[in-house]
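1. the sequence isn't on hand, but the structure is:
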């Protein structure tokens, strides 16, 4: 037999075997969700099946009980689902077949799609503080008046949207709570976190997510300094200007009263003889303004990594609270969305307590 003919016969015998072996598990498919496998009620999500093979017929399945039901079969490797309902929550997988043959690949790993917004959102807090020095530890606590069977902690901006499940550790007639311990804290831990609650009967039907909680690592840069040139004592309605300065030209500055990370930032200050300084007008609205303040510096490229805190500056308040006070402020969209009054929007009047809105309404724009 001619050598060329022998070669062709060999290819005809071996090629299907190689394809069969390849499709059977050596090139297992994968399934992903965009923008996230955690989808708000009424939202949309695109499921995409991935493979290195060509000329593949893709099939995407949804698990129902003990059986898989095909949602999509075709040359396209994706399907968009929405508006999402509670019925879309659950487990999905995908596989493929080669060139319309009956040879099918192994199934991908399961992808869980969770639907949020079905119950009232829980709350989230950090203990001892959401400002954490590198190497330290912090506990994130989820709390709800609904007696959830489970809490889920999610970190924003994670493309894989990794979740940590926490069993309820304390329950009463009116609330439930779970604790997530983190640490030793590294830069990868920094970021915004939310938690959701769920019940055993519908594990992938979650509550609305909590408000975000920012975990910030402090101590990456040398501390700035915080001073005031005003009188030592001030009364409600007065304005005290604080000065945060540093030899480092930070992009942003933060002012904190309770060592909490929520808040917004002021653009970098002006340079004076090699010292960068920003002026912080502090509106003393009530005795709640009394306390020790610290400031921090940060850069745009690493917003959750701050400098060491300045030495504390104590601001006393005397007298009986007034109903209003007038402080210059710069109007910004962030002012209305401020997450927490304990770390303050330095580009606006710095205010505390229930009277913050009064100062904001009476504020005048400065440039």
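-> All right, it came through fine. Just so you know, these numbers come straight off a predicted model, no measurement behind them. Residues are numbered from 1 along each chain as shown.
2. quick check: phi and psi at residue 201.
-> Reported as degrees, to the nearest 10, the phi and psi values for residue 201 are phi -70, psi -20.
3. now do the one 4 residues further on
-> For residue 205, the backbone dihedrals (degrees, to the nearest 10) come out as phi -110, psi 110.
4. mind listing the strands for the stretch 101-250 of the chain?
-> Assigned by DSSP state E, counting those that start in this stretch, the stretch 101-250 of the chain shows strands spanning 111-116, 123-127, 131-133, 138-144, 150-155, 163-167, 170-171, 176-182, 191-199, 202-206, 213-218, 225-228, 239-246.
5. closest to residue 105 out of those?
-> Closest to residue 105 of these, according to Cβ to Cβ: strand 111-116, at 15.7 Å. C-beta: built from backbone N, CA, C; applies to glycine.
6. per-residue confidence averaged over the closest one?
-> In this model, strand 111-116 has a mean pLDDT of 95.
7. stretch 179-198 too?
-> Mean per-residue pLDDT for stretch 179-198: 92.
8. residue 182: neighbouring residues, count only.
-> Neighbourhood size, residue 182 [other Cβ atoms under 10 Å]: 18.
9. try the one 10 residues further on
-> The local packing count at residue 192 equals 19, with neighbours defined by other Cβ under 10 Å.
10. same thing with residue 274?
-> 7.
11. before we move on, what about residue 84?
-> Neighbours of residue 84 (other Cβ under 10 Å): 19.
12. JSON lines for the strands of the stretch 101-250 of the chain, including distance to residue 80?
-> Listed next are those as JSON lines, based on distance: least, Cβ to Cβ, whole Å:
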{"stretch": "strand 111-116", "distance to residue 80": "13"}
{"stretch": "strand 123-127", "distance to residue 80": "31"}
{"stretch": "strand 131-133", "distance to residue 80": "39"}
{"stretch": "strand 138-144", "distance to residue 80": "31"}
{"stretch": "strand 150-155", "distance to residue 80": "22"}
{"stretch": "strand 163-167", "distance to residue 80": "23"}
{"stretch": "strand 170-171", "distance to residue 80": "39"}
{"stretch": "strand 176-182", "distance to residue 80": "33"}
{"stretch": "strand 191-199", "distance to residue 80": "23"}
{"stretch": "strand 202-206", "distance to residue 80": "19"}
{"stretch": "strand 213-218", "distance to residue 80": "31"}
{"stretch": "strand 225-228", "distance to residue 80": "51"}
{"stretch": "strand 239-246", "distance to residue 80": "48"}
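13. quick one: closest of those strands to residue 314.
-> Between residue 314 and these, the shortest gap by Cβ to Cβ is with strand 225-228, which sits at 9.9 Å.
14. what is the closest one packed up against?
-> If you count contacts as 3 or more Cβ pairs under 8 Å, 6 or more residues apart in numbering; DSSP states H and E, strand 225-228 packs onto strand 239-246, strand 291-299, strand 313-315.
15. strands paired with the first one, and their directions?
-> So the one you mean is strand 239-246. strand 225-228 (antiparallel), strand 275-283 (antiparallel) (DSSP bridges).
16. quick check: buried residues in that strand?
-> Within strand 239-246, the residues that count as buried by 16 or more other Cβ atoms under 10 Å are 239, 240, 242, 243, 244, 245, 246.
17. now that strand against strand 291-299, angle please.
-> 40 degrees (axes from the mean of the first three to the mean of the last three Cα atoms, to 10 degrees).
18. tell me the mean pLDDT for strand 239-246?
-> 85.
19. next secondary structure after it?
-> Downstream of strand 239-246, the first helix or strand assigned by DSSP states H and E is strand 252-256.
20. each with direction, which strands does that following strand pair with?
-> With DSSP bridges as the test, strand 252-256 is paired with strand 266-267 (antiparallel), strand 291-299 (antiparallel), strand 343-344 (antiparallel).
21. and these, which one averages the lowest pLDDT?
-> Lowest mean pLDDT within the strands paired with strand 252-256: strand 343-344, at a mean of 44.
22. circling back: buried deepest among the strands paired with strand 239-246, which one?
-> strand 275-283 (a mean of 20; mean count of other Cβ atoms under 10 Å).
23. okay if I get the buried residues of strand 239-246 as TSV plus distance to residue 219?
-> Shown next, in TSV, are these (distance: Cβ to Cβ, whole Å):
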residue	distance to residue 219
239	31
240	27
242	21
243	22
244	17
245	19
246	14
